[in-house]
Structures are given as structure tokens and as C-alpha cells.
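K.L.:
Need the 3D shape of this:
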Amino acid sequence: MTGREIGRALLEAVINDPNISVFEHHSAIDLAFYFGNSFQTNFTSCSDALPLSQYQVATGDGMAMAHRAEAVISNMDFVQFHPTALADEGLPIKPTKSRENAFLITEAVRGDGGILYNLGMEWFMPLYDERAELAPRDVVARGIDDQLKQRNEKLLDFAR
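P.N.:
Sure, this is the predicted structure:
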């Protein structure tokens, strides 16, 4: 709920700022800046800092655009992500569109004793950190990613 309120307040501020144009249902491919009579794609000549963000999904597109514009990308360790979500494949009724019904599973589930298992029903988080599911997000996310890649799986199980 905190993230939702931050997102709501930021979106409201953006919409109400006359210097910002919002294009709904569009995808950005590259960054370009207009100076004088020409567009430039070299970020360093345009600004000292440009915050990039995405709403709802985080696929890294903003960072890729910044990289292609030769921006210096820093503080990536502060990028927030969420390690656990319910995947469409885990639902009894299949959605018509991919990720249509996917949603985040609160970290409180892990804090309340939720345990991550691979599809072989092996409890794997102790392999990555002695705190297991109570480890920080980045550790849990790396453990999940490693298990999925090692086992060539798309899903995990979550139980208490």
C-alpha cells in the first residue's frame, strides 16, 4: 500500500506539472533531447541527471534507453524489486493474456513463516543464506533466479 500511495502521489504531481507531457499507452524506445534546431541522443550534453522510472512493470527498458544514450548509470543497487509474485501458470483458471492475473505476494508471507520450494519440493533458501526466506530481497531474488535457471523451471511453490 505504501508503494501504491507513492506511485499515486508521483503520478498526480506529474499530471499536474505543465512542463511534463504524459503519453498513455505508448512505449519508449530511445531517449532523444531537443536542443535548438536538432535532436540529440547523447545524454551527457543534455542534463546532469534524468530520473527514469516505470509504472506497474519493471523490465529494465529505461536503463537500456539510458545506456544507449551513453548515460552514466549509477546506484543500480538501490533499484527496488519484489522477489515473489503469483504467476499466471500457478492459477487454476488460465488468463486470456499473459500476466493478466499475476500479483505480488507480500514479503510478510515470508516473514510469517512462508517457505519457498522448488518444484521438486526442496527447500532451497538455506543454500543461499542462513536467514533463508528472511534474507534481504536481493538475496531471496537471487536464490529464486538461481533455482529457476538451474532446474530450467518457471515456477516455485510457496508453503507454510
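K.L.:
Flag every buried residue along the host helix or strand of Asp145.
P.N.:
Using DSSP states H and E, Asp145 sits within helix 137-151. Residues of helix 137-151 classed as buried by neighbour count (16 or more other CB atoms under 10 Å): Val139, Val140, Gly143, Ile144, Gln147. Placement of C-beta: from N, CA and C, glycine included.
K.L.:
And these, which two are furthest apart?
P.N.:
Val139 and Gln147 (12.7 Å; CB to CB).
K.L.:
so where's this protein shaky on pLDDT?
P.N.:
32-59, 77-83, 85-95, 97-103, 154-156, 159-160 (pLDDT under 70).
K.L.:
where exactly do the strands run in it?
P.N.:
For the chain, applying DSSP state E gives strands covering 33-35, 38-40, 85-86, 103-104, 115-117, 157-159.
K.L.:
where's Ala135 relative to Ser21, distance?
P.N.:
Distance of Ala135 to Ser21, computed by CB to CB, to the nearest Å: 42 Å.
K.L.:
So for those two, which residue has more residues nearby?
P.N.:
Ranked by neighbour count (other CB atoms under 10 Å), Ala135 and Ser21 place Ala135 first, with 19 against 7.
K.L.:
close enough to count as contact, the more buried one and Met125?
P.N.:
Yes - counting by CB atoms under 8 Å, Ala135 does reach Met125; the two are 6.9 Å apart.
K.L.:
what is in contact with the two at once?
P.N.:
Common contacts of Ala135 and Met125 (CB atoms under 8 Å, 6 or more residues apart in numbering): Gly143.
K.L.:
ranges for the helices of the chain?
P.N.:
Secondary structure of the chain (DSSP state H): helices at 2-16, 61-68, 107-111, 137-151.
K.L.:
could these go into a markdown table alongside distance to Gly120?
P.N.:
Below are the helices of the chain laid out as a markdown table (distance: least, CB to CB, whole Å):
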| stretch | distance to Gly120 |
| --- | --- |
| helix 2-16 | 33 |
| helix 61-68 | 34 |
| helix 107-111 | 20 |
| helix 137-151 | 7 |
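K.L.:
With Phe158 as the reference, name the closest of these.
P.N.:
Across those, closest to Phe158 is helix 107-111 (CB to CB), at 7.1 Å.
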